[in-house]
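Peer 1: What follows is a protein structure lacking sequence information:
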């Protein structure tokens, strides 16, 4: 019996309970499905050998942990949105004015923002990396990335 057929059996046996747990925790069908699919994808990718009575407990723990990670990520996004809310009204300023403001922000970042805030700002807004990707690249925690980015944005706001 190969890995895929074992995984298929696990999927058939445990998917219902796993998706129910994920939906209960996330209140979102699409995200719940993504979390459960990620669990099975990791199992397939890492070629875990799942046998015995602990299989269901392992799978349910993996789903719970995946849901908690998703919730943490969403909470971090919400905290960031409250820190730097976007204007919901359409920006009707002339493009030249918008470009001039972006140039001012870039000049502030390059001239008055210290490391690691400058690098984090550039990775987030120039390279569009997630907080987790930035944390991994700079070998720091996601919380530290958030803190430094918040400091950078506050400093830019104070200088504009």
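Peer 2: Happy to help now that I have it. For clarity, every value in this text was computed on a predicted model and none was experimentally measured.

Peer 1: what about the most centrally placed residue in the chain, which helix or strand?
Peer 2: Centroid-nearest residue in the chain, with C-alpha atoms, centre = their mean: residue 73, separated by 4.7 Å. Take DSSP states H and E as the rule and residue 73 turns out to sit in helix 55-83.

Peer 1: list the contacts for the residue nearest to the centre of the chain?
Peer 2: 131-132 (C-beta atoms under 8 Å, 6 or more residues apart in numbering). (Glycine included, C-beta is placed from N, CA and C.)

Peer 1: With residue 17 instead?
Peer 2: 56, 60.

Peer 1: Could you check the pLDDT of it?
Peer 2: As predicted, residue 17 sits at a pLDDT of 91.

Peer 1: can you check the one 3 residues further on too?
Peer 2: Listed pLDDT for residue 20 reads 92.

Peer 1: what do you get for residue 81?
Peer 2: Reported pLDDT for residue 81: 68.

Peer 1: low-confidence ranges in this protein?
Peer 2: For the chain, the stretches with pLDDT under 70 are 1-3, 47-52, 79-91.

Peer 1: can you list the domains in this structure?
Peer 2: 3-76, 84-159 (automatic domain parsing).

Peer 1: Which residue ranges of this protein form strands?
Peer 2: Using DSSP state E, the chain contains no strands.

Peer 1: For it, just list every one of the helices.
Peer 2: 3-26, 29-46, 55-83, 95-112, 117-125, 131-138, 142-159 (DSSP state H).

Peer 1: Out of the ones you listed, which is the most enclosed?
Peer 2: helix 117-125 (a mean of 19; mean count of other C-beta atoms under 10 Å).

Peer 1: what helices or strands is it leaning on?
Peer 2: helix 95-112, helix 131-138, helix 142-159 (3 or more C-beta pairs under 8 Å, 6 or more residues apart in numbering; DSSP states H and E).
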